[in-house]
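1. Next comes the sequence, and after it the predicted model I'd like to discuss.
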Amino acid sequence: MISHLLQNTVEGDTIAERADEREAAESRARKHSPSHTAVVTHFELGRTLERANRRFATFLQAEMTRLGVREIGPAHAMLLLTIGNDELSVGQLMDRGPYGGTNLSYYLKQLGESGYVERIPLPRDRRTIRLRLTEKARTLCADLTEIAAKYHHIVAGDPENIRKMEVAFATLDRLERAWATASIFGPTGER
């Protein structure tokens, strides 16, 4: 049973890798085509971001498995890293990350049951709670931060790569804000 699941996982990863390789080859072919102008659309960026997000979640899950963490997933870990050393309300947590109400409630319930998050009711209003990481969660966050530092050194080992990462971050941040604004108010020309 386990070997069958592993085989399916490996085959699924191989299929995804082949699709990614095919997309990369098509992209290279478009770039080298004399009639192609290098225009990147929002859809291409979105597709690349989705693929990168999937890869990051897979990477994070693998690292968590190596650390012996099996009761929560990558989305939970990102939530813990978002809380960090702070004590936050659910509303503040929603402001800090891309969390929807239903998913966030579900994740917080799982994190509480697994011993990663404490719910602290406010004395003046027992209906309002604050969220704080437990020692177990702080240890996991420290381990993940250490792993991230090692990989950061590999990816951004020299000043030029650090500069490129800063430019990429600024561009992605600008896109995120533009898409958020457009989803609320519509495209700029329609206002």
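-> Received the coordinates, thanks.
2. how about residue 96, what does it touch?
-> Residues in contact with residue 96 (C-beta atoms under 8 Å, 6 or more residues apart in numbering) are 82, 88. Any C-beta I mention is one placed from the backbone N, CA and C, and that applies to glycine too.
3. And the pLDDT at it?
-> At residue 96, the predicted lDDT confidence score is 86.
4. Offset the numbering so it begins at 21, please.
-> Got it, the first residue is 21 from now on, which makes the last one we talked about residue 116.
5. Okay, the residue positioned nearest the centre of the chain and residue 192: tell me how far apart.
-> Closest residue to the average C-alpha location of the chain: residue 73 at 5.7 Å, with C-alpha atoms, centre = their mean. As judged by C-beta to C-beta, to the nearest Å, residue 73 and residue 192 stand 11 Å apart.
6. Could you pull out the strands in the chain for me?
-> For the chain, strands defined by DSSP state E occupy the ranges 137-141, 149-153.
7. Deepest in the core, which of the ones you listed is it.
-> strand 149-153 (a mean of 18; mean count of other C-beta atoms under 10 Å).
8. residues making contact with that strand?
-> Identification of contacts with strand 149-153 by C-beta under 8 Å, 6+ apart yields 100, 103-105, 107-110, 113, 128, 136-142, 161.
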